[in-house]
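**Q** give me the fold of what follows.
(one chain, ligands or ions: 1)
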Amino acid sequence: MASSASSIFIQIRQQPKINHVFEYNSCSITRHNTDIVAGSKPNCRLSLRSSPPCKIQPIRSAHRPHIGLESHEEKQQSLDNSPPLKIAILGFGNFGQFMAKGIQRQGHIVLATSRSDYSDYCRDNGMVFFRNVEEMCEEQPDVILICSSILSMESIVRAIPIHKLGPDTMFVDMLSVKQFPRNLFMEVLSSKFGIVCTHPMFGPESGKNGWGKLPFVYDKVRISNAVQQRKCNQFLSIFEKEDCEMVEMSCEEHDRHAAGSQFITHTIGRILSHLDIESTPINTKGYETLLELTENTVSDSFDLYYGLFMYNMNASEQIENLDRAFETVKQKLFGRLHDMLRKQIVERVPMNSKENGKELVSAGKSSKHGSPLFLPNSQDMSDVSSFSSLAPPKSPKKQPSQTRREEDSNRVQRTGM
Ligand SMILES: O=C(O)C(=O)C[C@]1(C(=O)O)C=C[C@@H](O)C=C1
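**A** Residues are numbered from 1 along each chain as shown. Below is the predicted model:
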């Protein structure tokens, strides 16, 4: 049972070639080769009533789908002539709604369910909202599409009344990690169901101006027959037609790449957000990029970020890599300082002079030769944490004259270098 009575207005954008007529509670939905757009200016009006249970059925079909075609054109034509998919979205937050719009733009039927009630939104946008997943599954959707957060996927999938679904139902997820949903689907679903794991590498922010050229990753994990193949092709053609860059990739490979790219990006954005970086009157382009990155990152939920970490087995390694990289950069900086310091000591500071003491090496003081020395004193240097790997740790027993720098100086003196 659909949770709420809803009206859909169908507006046809161009003169269409009619391919199919669908019936929804005795109303016909005509599908055209061009767009079918739900909106407020109706060319025809449909009433979707909640009771008796809605059934969406093709009642006339111009062409039967033909699987196993040779040419790309033929395949595309066959897909265009196939009845639209009934795509049931589980998890209808910001991301689910964003995906639903694209799915609808490509002429497919969107059913949705979520913890929160989106019946008004769905009614206004020509989609059908179900307050519970049982009723949605009674509609026998072609595709069950998981758009939930990573953290809630398992409970959502386990709650699907699988016995109500038709054979050849395709399960698709759009989570930001891939091995976890694949393994879960394989564990929970019997072999008759098809599985495609996908990841649009964009979302409501990055895809707000269109999906063209944005990567869409997919892995056809299990396709058992021609009907599933057709549904899978039809589903993927949504993104092809939106001009996404289609990337077929295994779930393992995806997770490896995503940990080193998306997870690192979100981590840097979150680190920067803790610096409270703000716009200045003299922003460089690079800084503008950082500001934008920070803003985009923190506008995503922490759950998303935590999911990228917790459910991608490569993420911990990336955190460690990041830590090491930061240490390396610090050591490069302080190491250079150390070289400079040594040079100053070797070439310009009289080693046996009292001037070698704390007063002389303070910034701005002059050496015996009259040139200023801009070096921190030994105490300051040994306080710099990264420098400590270049100099031995401070020992309370040692006198200041016994720091590594001064030991070096003494060695230089002794060897006459
Ligand atoms: O566009 C946005 O709002 C996003 O945050 C998209 C974004 C990302 O850029 O990291 C977030 C989650 C998806 O997995 C893919 C991409």
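
**Q** per-domain residue ranges of this structure.
**A** With automatic domain parsing as the criterion, the domains of the chain are listed as 2-69, 75-249, 257-325.

**Q** can you confirm A112 is in a strand?
**A** Yes - secondary structure of A112 (DSSP: H, G, I helix; E, B strand; the rest coil): part of a strand.

**Q** distance of it from the ligand?
**A** 19 Å (Cβ to the nearest ligand atom, to the nearest Å). For every residue, glycine as well, the C-beta is placed using N, CA and C.

**Q** tell me the contacts of that residue?
**A** 88-89, 92, 96, 100, 118, 122, 127-130, 136 (Cβ atoms under 8 Å, 6 or more residues apart in numbering).

**Q** before we move on, back to that, mean pLDDT lowest where, among the domains of the chain?
**A** When these are compared on mean pLDDT, domain 2-69 scores lowest, with a mean of 35.

**Q** contact residues of this protein facing the ligand?
**A** When proximity is defined as Cβ under 6 Å from any ligand atom, the chain approaches the ligand at 176, 201-207, 262, 296, 300.

**Q** what about 5 Å?
**A** 176, 203-206, 300 (Cβ under 5 Å from any ligand atom).

**Q** can you turn the buried part of these into a ChimeraX selection?
**A** To isolate the buried subset of these in ChimeraX, counting by 16 or more other Cβ atoms under 10 Å, use the following:
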select :176,203,300
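
**Q** using TSV, lay out the residues of the chain next to the ligand together with distance to L184 and secondary structure.
**A** As requested, the residues of the chain next to the ligand are exported to TSV (distance: Cβ to Cβ, whole Å; DSSP: H, G, I helix; E, B strand; the rest coil):
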residue	distance to L184	secondary structure
S176	15	coil
G203	22	coil
P204	25	coil
E205	27	coil
S206	26	coil
D300	22	coil
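
**Q** redo the residues of the chain next to the ligand as CSV? Include distance to L79.
**A** Conversion of these to CSV gives the following (distance: Cβ to Cβ, whole Å):
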residue, distance to L79
S176, 27
G203, 26
P204, 27
E205, 30
S206, 27
D300, 33
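
**Q** out of the residues of the chain next to the ligand, who's nearest H257?
**A** S176 (11.8 Å; Cβ to Cβ).

**Q** which one is that closest one nearest to, not counting chain neighbours?
**A** Excluding its sequence neighbours, the residue lying closest to S176 (Cβ to Cβ, 6 or more residues apart in numbering) is L308, at 5.7 Å.

**Q** same question for the strand or helix carrying C137: list its buried residues.
**A** Assigned by DSSP states H and E, C137 belongs to helix 133-138. Buried residues in helix 133-138, defined by neighbour count with 16+ other Cβ under 10 Å: 133, 135-138.

**Q** give me the neighbour count for F263.
**A** Counted with other Cβ atoms under 10 Å, the neighbours of F263 add up to 24.

**Q** P167 too?
**A** Neighbours of P167 (other Cβ under 10 Å): 11.

**Q** V110 too?
**A** Neighbours around V110, by other Cβ under 10 Å: 27.

**Q** please renumber so the chain begins at 28
**A** All right, first residue 28 from here; so that's V137.

**Q** next up, phi/psi of the nearest residue to it once chain neighbours are set aside, please.
**A** Of all residues not flanking V137 in the chain, M154 sits nearest, at 4.1 Å (Cβ to Cβ, 6+ apart). For M154, the backbone dihedrals (degrees, to the nearest 10) come out as phi -120, psi 170.

**Q** M154 contacts Q131, doesn't it?
**A** Yes - proximity of M154 to Q131 meets the contact threshold set by Cβ atoms under 8 Å, at 7.0 Å.

**Q** list the buried residues in the longest helix seen in the chain.
**A** Criterion DSSP state H: the longest helix present in the chain is helix 342-375. Of all the residues in helix 342-375, those buried under the rule 16+ other Cβ under 10 Å are 342, 345, 361, 364-365, 368, 371-372.

**Q** closest to the ligand out of the residues you listed?
**A** Using Cβ to the nearest ligand atom, A342 comes nearest to the ligand of the buried residues of helix 342-375, at 13.4 Å.

**Q** list the residues that contact that closest one.
**A** Listed by Cβ under 8 Å, 6+ apart, the contact partners of A342 are 286, 290, 335-336.

**Q** now, these that are in helices?
**A** Among these, the members falling in helices (DSSP H) are 335-336.

**Q** please, a ChimeraX command that selects the buried ones among the contacts of A342?
**A** Applying 16+ other Cβ under 10 Å to those leaves a buried subset, and the ChimeraX line that selects it is:
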select :286,290,335,336
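
**Q** what residues does stretch 239-253 touch?
**A** So stretch 239-253 is contacted by 94-95, 195, 205, 209, 212-213, 218-229, 233-234, 256, 259, 263, 266, 269-278, 281 (Cβ under 8 Å, 6+ apart).

**Q** only the buried subset of those, as a ChimeraX command please.
**A** This is the ChimeraX syntax for the buried subset of the contacts of stretch 239-253, where burial follows 16+ other Cβ under 10 Å:
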select :195,205,209,212,220,221,222,223,224,225,226,227,228,229,234,256,259,263,266,269,271,276,278,281
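
**Q** out of the domains of the chain, which is the most enclosed?
**A** Scoring the domains of the chain by mean neighbour count under mean count of other Cβ atoms under 10 Å gives domain 102-276 as the most buried, with a mean of 19.

**Q** now do the same end-to-end measure for it.
**A** The straight-line separation of the ends of domain 102-276 (Cα to Cα, to the nearest Å) is 22 Å.

**Q** tell me which stretches of the stretch 128-277 of the chain form helices.
**A** Along the stretch 128-277 of the chain, counting by DSSP state H, counting those that start in this stretch, helices occupy 146-151, 160-165, 177-185, 206-215, 253-268.

**Q** any chance of those helices in CSV, plus distance to H99?
**A** Output for these, formatted as CSV (distance: least, Cβ to Cβ, whole Å):
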stretch, distance to H99
helix 146-151, 35
helix 160-165, 34
helix 177-185, 34
helix 206-215, 27
helix 253-268, 10
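
**Q** quick one: which of those helices is nearest N310?
**A** helix 177-185 (34.2 Å).
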